[in-house]
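S.K.: With the input below, show me the fold.
(chains A, B, C and D)
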Protein chains: 2
Amino acid sequence: MAKKRVSIKDIAKALGVSITTVSFIINGKAREQRISDEVILKVKNYIKEVGYKPSHVAQSLRLGKSKIIVFMAEDISNQFFSSIARFIEEKAYKNGYKIIYCSTDNDTEKAKELISTFQMRNVDGFIITPTPNIEESIQDLIKEEFPVVLFDRWLPKVDCSHVIVENRKSAFEGAQHLINKGCKNLAFVTVQSSQTQMVDRSSGFKEAARNADVTFTEFELKFHNLSEVGPYEELLDFFKSREEIDGVFFATNYLAFEGLQALDSLGREIPGHVKVVSFDDHYFFNLYKPKITAIEQPLELISEKLMETMLSHLDEFTVGYTPRKVVLSNTLNERESS
Amino acid sequence: MAKKRVSIKDIAKALGVSITTVSFIINGKAREQRISDEVILKVKNYIKEVGYKPSHVAQSLRLGKSKIIVFMAEDISNQFFSSIARFIEEKAYKNGYKIIYCSTDNDTEKAKELISTFQMRNVDGFIITPTPNIEESIQDLIKEEFPVVLFDRWLPKVDCSHVIVENRKSAFEGAQHLINKGCKNLAFVTVQSSQTQMVDRSSGFKEAARNADVTFTEFELKFHNLSEVGPYEELLDFFKSREEIDGVFFATNYLAFEGLQALDSLGREIPGHVKVVSFDDHYFFNLYKPKITAIEQPLELISEKLMETMLSHLDEFTVGYTPRKVVLSNTLNERESS
DNA sequence: TAATTTAGATAAAACCTTTTAGCATGCTGT
DNA sequence: ACAGCATGCTAAAAGGTTTTATCTAAATTA
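M.R.: Below you'll find the predicted structure:
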């Protein structure tokens, strides 16, 4: 019953040829190694007959390549990350790579552990959303010559490839949108974070606000795991105490979802009473009544660039790792009912 | 620069001890193998010093176990699957397993290819949402003694472990809910599919409808990939021609999202004009105005049972694979504004 | 004292590939 | 008749582990 996996050795023995010969045939090097058609046919037929599949593990060991890439997201169940995961998967598989995923929860310790776990696993590369204070681990990976590509945010202190979007510029435009629509008292709702994507969004927003004839507040929620219960209560309190607010910029869609509920509870009408823009578009902004204006990140393009960068690093035989830094544009999807 | 990874052999050479000794120490078998404290200390210190990490690939080859499980979802970017992925990840990592994911798009050919690709990769097990007509491949896996656990749906023709939910019963209850609320003309919106989860939902709905004093229609959309553009237009046409419908049961949340938009466009008010129930709850049903009643699947429990079943199979040294079939209860979240 | 046990360690096989270097054999050209 | 070459194939090393069987020297037992 327990059919043992057949190996190259078994084939060789059964057919009375050498292991080498079989290997050459399997790898399409038969011709160039001048194996006779007769033998080729015999081996190929036998392989088909017994359904031989080479052991990838043995290949990995021999070749030092596993054809596995790690995708370290903040939280794979978050729509943004799972969408990217989907695209990445497609592009990876097309190139013969498989993806192992994991979620950091933006927890530095967890991320460090994960990285260290994978270092021993002969994975070929890392695609990572860096957590705070992860610089050292990333630097380590690079020193050990692992290809690394960061995304969503980057680490100013580490010279590492990354694919990010124009956070600052888009936040500026989002704020400008509110201003153009006539908002006078803006709020920027964000989470407490010193990571680049958040800092950039904040600074973009503020620049637009400062340049205009408006007042603005920044409301910084303490950090919540994406998977935790939402900060609805906090937002409710905030909006309750700020009746004058007539334009809100949410720094992430997750904040927007909670914020919209809070605004709704308070009877603030959108876009009549208060106008809203969110960073990071979502299917539901289009479904919500009223539809919500949002800044859309180019998910597929991000994924494409991620894999492109990864593959280019994987192909570099050279010792030198030359980081590539990609910055992509977003789209402001205006959705106010006119 | 190019620091070569240090192997057990390097350690042995550097310290003038044998490979075996080092291996025993690394694997905590030093005591039982009577290695002296002196040597143990020397080796452990050296390991720490050079930052040795064992090669998992070599271990896999030697032990025939990779500590990798494949998670084959229909579409990892779909909220249902990505949520499960997240839970599975947690439970897998806790037990020393890593997860490789892939998406089938419910495409049989693609699924077959993926399965065949992974068979050669020495993965330890498969968690799969089976596509139509995949029976043979699954049977193959089982014959080759791979642990397999199906979920979301199962294959009546294959004796294989699975974790599913009470589709029939919950659909019955969902329909009953509409009936209790006074609906007289029901519609069951589904996609064309002969897979168990859809068939069961349909039959549950119909049973409730037949037992009651109501009329009902089943509207079967042709299959769409989850990632494709939605069937909004089709639903619009359907509802337009059926003004009498006052209760709709959507067989998946994805259909509900599109259907809600269609109903909205037609000015049908919920729950005044028409009442709605969806299978498979979603964050947004709670956010939508009005809130939408939905049947919630126990995502974490599903994941738990999946891993539990998988781990139990992985632990079975025996030749016989004894399938375990788990069926879990759902929750009807009633959300009509009273 | 001889026989046996124990402590402390190791050699070598096995897991499955890929690939380099090389071995016969027969043929060509001179 | 012999160097040189093409043909068709193979031995063996390497990649990094784990584990079984074994080995030596010292300690214990009879």
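S.K.: Kindly report the residues of chain A close to DNA strand D.
M.R.: Applying Cβ under 7 Å from any atom of the strand, we find that chain A lies next to DNA strand D at A:16-21, A:24, A:33-36, A:38-39, A:58, A:61-62, A:64. Just so you know, the C-beta spots here come from the backbone N, C-alpha and C atoms, and that holds for glycine as well.
S.K.: Tell me which entries of these lie within helices.
M.R.: A:19-21, A:24, A:38-39, A:58, A:61-62 (DSSP state H).
S.K.: Turn the residues you listed into TSV, including pLDDT and neighbour count.
M.R.: Listed next are these as TSV, based on pLDDT from 0 to 100; neighbours: other Cβ atoms under 10 Å in any protein chain shown:
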residue	pLDDT	neighbour count
A:19	95	14
A:20	95	12
A:21	95	20
A:24	95	20
A:38	91	8
A:39	92	16
A:58	95	16
A:61	94	19
A:62	94	11
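S.K.: returning to that earlier point: same for chain B: which of the residues of chain A next to DNA strand D are within range?
M.R.: A:58, A:61 (Cβ under 8 Å from any Cβ of the partner chain).
S.K.: Spatially, which two of the ones in helices among the residues of chain A next to DNA strand D are the most separated?
M.R.: Greatest spacing in these, by Cβ to Cβ: A:38 and A:61 (32.0 Å).
S.K.: surely residue A:147 meets residue A:322?
M.R.: No: Residue A:147 is beyond contact range of residue A:322, at 11.0 Å (criterion: Cβ atoms under 8 Å).
S.K.: quick one: which of those two has more around it?
M.R.: A count of neighbours by other Cβ atoms under 10 Å in any protein chain shown puts residue A:147 above the other of residue A:147 and residue A:322, at 22 against 10.
S.K.: what's around the closest residue to the more buried one other than its chain neighbours, how many residues?
M.R.: Nearest non-adjacent residue to residue A:147, counting by Cβ to Cβ, 6 or more residues apart in numbering or on different chains: residue A:313, 3.4 Å away. Neighbour count for residue A:313, taken as other Cβ under 10 Å: 20.
S.K.: Near chain B, which residues of the stretch 1-150 of chain A? Just list them.
M.R.: A:1-3, A:5, A:53-58, A:60-61, A:66, A:68, A:75-79, A:82-83, A:85-86, A:89, A:93, A:98-103, A:116, A:119-122, A:143-145.
S.K.: which other helices and strands contact the helix or strand hosting the residue nearest to residue A:147?
M.R.: In this structure, residue A:313 sits in helix A:299-315 according to DSSP states H and E. Secondary-structure packing of helix A:299-315 (3 or more Cβ pairs under 8 Å, 6 or more residues apart in numbering or on different chains; DSSP states H and E): helix A:79-94, strand A:125-128, strand A:148-151, strand A:161-165, strand A:325-328.
S.K.: Extract the C-alpha set from that helix and format it as CSV.
M.R.: Only the C-alpha atoms of helix A:299-315 are listed here, as CSV (Å, rounded to 0.1, in the frame of the first residue of the first chain):
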residue,chain,number,x,y,z
LEU,A,299,-2.5,47.4,-5.9
GLU,A,300,-1.7,45.5,-9.0
LEU,A,301,1.1,47.8,-10.0
ILE,A,302,2.6,47.7,-6.5
SER,A,303,2.6,43.9,-6.7
GLU,A,304,4.1,43.9,-10.1
LYS,A,305,6.9,46.2,-9.1
LEU,A,306,7.4,44.1,-6.0
MET,A,307,7.9,40.9,-7.9
GLU,A,308,9.8,42.7,-10.6
THR,A,309,12.3,44.0,-8.0
MET,A,310,12.4,40.7,-6.3
LEU,A,311,13.1,38.8,-9.5
SER,A,312,15.8,41.2,-10.5
HIS,A,313,17.5,40.7,-7.2
LEU,A,314,17.2,36.9,-7.5
ASP,A,315,18.8,37.1,-10.9
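S.K.: Surely residue A:183 is in contact with residue A:247?
M.R.: Yes: counting by Cβ under 8 Å, residue A:247 is a contact partner of residue A:183 at 2.9 Å.
S.K.: what do those two both touch?
M.R.: A:214, A:275 (Cβ atoms under 8 Å, 6 or more residues apart in numbering or on different chains).
S.K.: Which residue does the stretch 151-300 of chain A have closest to DNA strand C?
M.R.: Minimum separation of the stretch 151-300 of chain A from DNA strand C (Cβ to the nearest atom of the strand) falls at residue A:161, amounting to 27.0 Å.
S.K.: how near is that residue to DNA strand D?
M.R.: 26 Å (Cβ to the nearest atom of the strand, to the nearest Å).
S.K.: residues in contact with residue A:68?
M.R.: Residue A:68 neighbours (Cβ under 8 Å, 6+ apart): A:97-100, A:121-124, B:100.
S.K.: and if we set it to 10 Å?
M.R.: A:56, A:60, A:92, A:97-100, A:118, A:121-125, B:57, B:68, B:98, B:100, B:121 (Cβ atoms under 10 Å, 6 or more residues apart in numbering or on different chains).
S.K.: Just the ones in helices from those, please.
M.R.: A:56, A:60, A:92, A:118, B:57.
S.K.: low-confidence ranges in chain A?
M.R.: A:1-3, A:223-230, A:317-320, A:337-338 (pLDDT under 70).
S.K.: Return the residues of it in contact with DNA strand C.
M.R.: Residues of chain A lying near DNA strand C by Cβ under 7 Å from any atom of the strand: A:5, A:7-9, A:19-20, A:23-24, A:26-27, A:52-55, A:58-59, A:61-63.
S.K.: which residues of the stretch 201-338 of chain A fall in helices?
M.R.: Assigned by DSSP state H, counting those that start in this stretch, the helices in the stretch 201-338 of chain A fall at A:232-240, A:253-265, A:283-287, A:299-315.
S.K.: Run the contact check for the second one versus chain B.
M.R.: Yes: for a cut-off given as Cβ under 10 Å from any Cβ of the partner chain, helix A:253-265 has contacts with chain B, namely A:254, A:257-258, A:260-261, A:264.
S.K.: Next, the angle from that helix to helix A:79-94.
M.R.: Put simply, helix A:253-265 runs at 150 degrees to helix A:79-94, going by axes from the mean of the first three to the mean of the last three Cα atoms, to 10 degrees.
S.K.: Okay, residue A:221 and chain B: tell me how far apart.
M.R.: 18 Å (Cβ to the nearest Cβ, to the nearest Å).
S.K.: partners of that residue in the sheet?
M.R.: residue A:191 (DSSP bridges).
S.K.: Likewise for residue A:247?
M.R.: The bridge-partner assignment for residue A:247, based on DSSP bridges, gives residue A:186, residue A:275.
S.K.: tally of neighbours for it?
M.R.: 25.
S.K.: Tell me if I'm right that it and residue A:268 touch.
M.R.: No: the pair residue A:247 / residue A:268 is not scored as a contact, 11.4 Å apart, by Cβ atoms under 10 Å.
S.K.: Overlap in contacts, these two.
M.R.: A:274, A:276.
S.K.: got the domain boundaries for chain A?
M.R.: Listed by automatic domain parsing, the domain ranges of chain A are A:8-54, A:65-165+A:300-328, A:167-296.
S.K.: Including distance to residue B:111, could the ones you listed go into a markdown table?
M.R.: Putting these into a markdown table (distance: least, Cβ to Cβ, whole Å) gives the following:
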| stretch | distance to residue B:111 |
| --- | --- |
| domain A:8-54 | 17 |
| domain A:65-165+A:300-328 | 13 |
| domain A:167-296 | 26 |
